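Asker: Okay, structure incoming, though there's no sequence with it:
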C-alpha cells in the first residue's frame, strides 16, 4: 500500500555508492535508459539491490501492519454486508504483503530476515497505521483517503524498473480500486445518515486528513532518496507532485459528501488550477516515523504476538510434511 | 524456521497455458496449493494451479543470452513475412 517510509532518514550512505565502471554496469545503465526491466538474475549494482529490498520490504510490512487498524472493526461491522466487504479487504492486504515479500525474496534476502527486521523495529512501515481507528467512520475514511493516497503512490510503481516489483504492483493496483470505492461508498452512506452519523464522519475526516496528506512523505526539498530512486526508475514522480495530485482529486469528493476539510488555508488557486493547502506539521510526521505515534508500540506488539502464536502451526505443518516425505521414501525403497 | 519456497503457475481459463504468477512458502505441495488459492486466485483468476518447488527450476543464465538466442536473429526466412505472394493470390 504505502511507501512513504522509504523516505525516512538515516539510511542514505549506501545510496551514494559510486558507480562501478564495468561492462555489467554499462549493460545495466543501457537497460534502464531503454526503459527495460531488470530481472532477478540480471546483474545490478549493490546499492540498487539494497534500495529495492528496503523499499519492497517496507511496502510489504505496511500491507500486513495495515491489516490491524481495520481488522479492529471486523467483529463490530454494522451489517453482514459490511462485514463481508471488510473481511475481503483485510484479506487483500494480507495478500498484497505476500506478493511483495515474494518480490523482495527474489533479491536474495530471506523471509525470516525480513520479518525479523520488522519485529525488531529495524525496518519501517507506513506511519499512517500508527493512528487508531476510533469509530466505524474511520473504516470508510481509510478506504477512501488512505487507500486513495496509496493508489496515487502505487500506480507509477507498476512501471518500476525491477520486474518482480512491477508485476506485484500491477496485481495490487487492480485490487486496490475496490478498497477505495467501498470506502467512499461507506462514507457516502454515513453522509446521508442521521446528524450523529454525519458528525462521526466529519470527526473521522478531521483526524485522518493531515496524516493522509503526510503519507506522500517529506517535501521534495527534504527528501533524501528521491533523486537516486528516480534515476534508477524506481520512483517516477516526486512526493510533492503526488501529494498535489491527491489533494486535487480528493477535495471535490469531500465537498460532494458535504464535508469540511480541516484546513482553514485551503483555497483553489485560479492561476495554477490546483488547491493550495496550509502548512503541514512535519514535527508530527517525524515523531510518528520515529516511533512516537499513538499506536506504534501496540501495532508492533500485535504483529510479534501473532507471529509467536502461529509458530506451532508452522512447526506442525513442517513435521507433518517431513513425516509424509519419510513415508513416501520408505514406500519407494 | 522458514518453510520451503514454491513457484505458482495459474491457468486463468480452460484452454490457456499455466502462467507463472509468483511464489510462496509452504510446508508441502498440498499446503502450497491451498495457499496459492488464497494468495493468487481471490477473484477467480484461475481454474487450475501448478505448484513447483523453486529449487527444481533450472534457469538459463542471462549472460548466455547472446550465444543462446542470437543465432535466431538472422534467420528471417523463418517468418512468413519473408516471402512475397502476388497480390492476385490474395490472403495466404
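Answerer: Looks like it arrived, so ask away. Everything numeric in this text was worked out from a predicted model, so none of it was measured.

Asker: Strands of the chain, residue ranges please.
Answerer: In the absence of a named chain, chain A is used. Applying DSSP state E to chain A gives strands spanning A:267-269, A:274-276.

Asker: Sorry, I should have been clearer: chain B.
Answerer: B:5-11, B:18-25, B:48-53.

Asker: mind checking which of those is nearest chain A?
Answerer: For chain A, the closest of the strands of chain B is strand B:18-25, at 4.6 Å, according to C-beta to the nearest C-beta. From N, CA and C alone the C-beta is placed, and that goes for glycine too.

Asker: So which other helices or strands are in contact with that closest one?
Answerer: Counting by 3 or more C-beta pairs under 8 Å, 6 or more residues apart in numbering or on different chains; DSSP states H and E, the packing neighbours recorded for strand B:18-25 are helix A:80-105, strand B:5-11, helix B:29-40.

Asker: picking that back up, reformat the strands of chain B as TSV; add mean pLDDT.
Answerer: Shown next, in TSV, are the strands of chain B (pLDDT from 0 to 100):
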stretch	mean pLDDT
strand B:5-11	97
strand B:18-25	95
strand B:48-53	97
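
Asker: can you redo the ones you listed as a markdown table with distance to residue A:323?
Answerer: Output for the strands of chain B, formatted as a markdown table (distance: least, C-beta to C-beta, whole Å):
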| stretch | distance to residue A:323 |
| --- | --- |
| strand B:5-11 | 19 |
| strand B:18-25 | 19 |
| strand B:48-53 | 18 |
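
Asker: Using a markdown table, lay out the ones you listed together with mean neighbour count.
Answerer: Shown next, in a markdown table, are the strands of chain B (neighbours: other C-beta atoms under 10 Å in any protein chain shown):
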| stretch | mean neighbour count |
| --- | --- |
| strand B:5-11 | 20 |
| strand B:18-25 | 19 |
| strand B:48-53 | 16 |
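
Asker: nearest to residue A:104, of those?
Answerer: With distances scored as C-beta to C-beta, the stretch of the strands of chain B nearest to residue A:104 is strand B:18-25 (11.0 Å).

Asker: so where's chain A shaky on pLDDT?
Answerer: A:1-20, A:224-226 (pLDDT under 70).

Asker: same thing but at 90, please
Answerer: Within chain A, the ranges that satisfy pLDDT under 90 run A:1-24, A:219-237, A:290-291, A:332-333.

Asker: Point out the residues in it that sit beside chain B.
Answerer: Contact residues, chain A versus chain B (C-beta under 8 Å from any C-beta of the partner chain): A:39, A:41-43, A:88, A:91-92, A:95, A:98-99, A:102-103, A:105, A:110-112, A:167-168, A:175, A:314-315, A:317-318, A:320-321, A:324-325.

Asker: rerun that using 6 Å as the cut-off
Answerer: In this structure, chain A approaches chain B at residues A:41-42, A:95, A:98, A:102, A:111-112, A:317-318, A:321, judged by C-beta under 6 Å from any C-beta of the partner chain.

Asker: partners of the residue positioned nearest the centre of chain B in the sheet?
Answerer: Using C-alpha atoms, centre = their mean, the residue of chain B that lies closest to the mean C-alpha position is residue B:19, 4.4 Å off. Bridge pairing for residue B:19 (DSSP bridges) gives the partners residue B:10.

Asker: Check the one 4 residues further on too.
Answerer: Note on residue B:23: beta-bridge partners by DSSP bridges are residue B:7.

Asker: That one and residue A:101 touch, don't they?
Answerer: No: between residue B:23 and residue A:101 there is no contact under C-beta atoms under 6 Å: 9.4 Å.

Asker: quick one: low-confidence ranges for chain B?
Answerer: Of all residues in chain B, those with pLDDT under 90 make up the ranges B:1-2, B:44, B:60-76, B:79, B:81, B:92.

Asker: Close to chain A: what parts of it are there?
Answerer: With C-beta under 6 Å from any C-beta as the criterion, chain B meets chain A at residues B:2, B:22-23, B:27-28, B:31, B:39, B:62.
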